[in-house]
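Student: Build me a structure from this.
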Amino acid sequence: MLHEYCITESAGVSHPRKNFGLLKMAHRGKAALKLHGSTIHSALEICPDGSSSPNKLNSFKFYTLRKRFDGLLLIIIDEISLVSHALFQKINKRLNEIFRTLDKCDIYFGGLPVIVFGDMAQIEPVAAKQVFYRPLGELFSL
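Tutor: Numbering: from 1, shown residues only. This next block holds a predicted model:
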């Protein structure tokens, strides 16, 4: 049986938006706006370059990110088909940096649950491997 769910948030009246424990991100700005969230790059201060690790942040930016995500309970990423394998790793690393869990090899995304949405049959990342890509050597051993 197929079920459809709609995730919404209630509108606030004349007070600034708070994250209410929820970080909503998408790869592209248009999807981020529809989600009332941010792009992945702006939310996590990740430069959209081709490197395999997120850019270094100074202590003030880390402090700002830690304050912004204080009380964060859940992460939602939309348009997952556009997120490359490398960008997904950057998201993981940045969240582990923010929540100081880099030294714990069994904790991912800062220990927070992540829900991803998207249609994997749609557009793939440009000139990059898909988010759930695994090298052949990891799939088979001879």
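Student: can you give me how far stretch 62-81 is from the chain middle?
Tutor: Distance of stretch 62-81 from the chain centroid (CA atoms, centre = their mean, to the nearest Å) equals 7 Å.
Student: and if you look at stretch 29-42?
Tutor: How far stretch 29-42 lies from its chain's middle: 11 Å, per CA atoms, centre = their mean.
Student: Check which residues of it are buried.
Tutor: 31-32, 35, 37-41 (16 or more other CB atoms under 10 Å). (C-beta placed from N, C-alpha, C; glycine too.)
Student: by contact count, what packs against the longest helix along the chain?
Tutor: As assigned by DSSP state H, the longest helix anywhere in the chain is helix 85-98. For helix 85-98, the elements it packs on are helix 59-68, judged by 3 or more CB pairs under 8 Å, 6 or more residues apart in numbering; DSSP states H and E.
Student: by contact count, what packs against the helix it packs on?
Tutor: Packed next to helix 59-68, using 3+ CB pairs under 8 Å, 6+ apart, are helix 85-98.
Student: if we can go back for a sec, redo the buried residues of stretch 29-42 as CSV? Include secondary structure.
Tutor: As requested, the buried residues of stretch 29-42 are exported to CSV (DSSP: H, G, I helix; E, B strand; the rest coil):
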residue, secondary structure
Ala31, helix
Ala32, helix
Leu35, coil
Gly37, coil
Ser38, strand
Thr39, strand
Ile40, helix
His41, helix
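Student: any chance of those residues in CSV, plus pLDDT and distance to Asn58?
Tutor: Listed next are the buried residues of stretch 29-42 as CSV, based on pLDDT from 0 to 100; distance: CB to CB, whole Å:
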residue, pLDDT, distance to Asn58
Ala31, 93, 29
Ala32, 94, 25
Leu35, 90, 29
Gly37, 94, 25
Ser38, 95, 20
Thr39, 96, 21
Ile40, 96, 20
His41, 94, 17
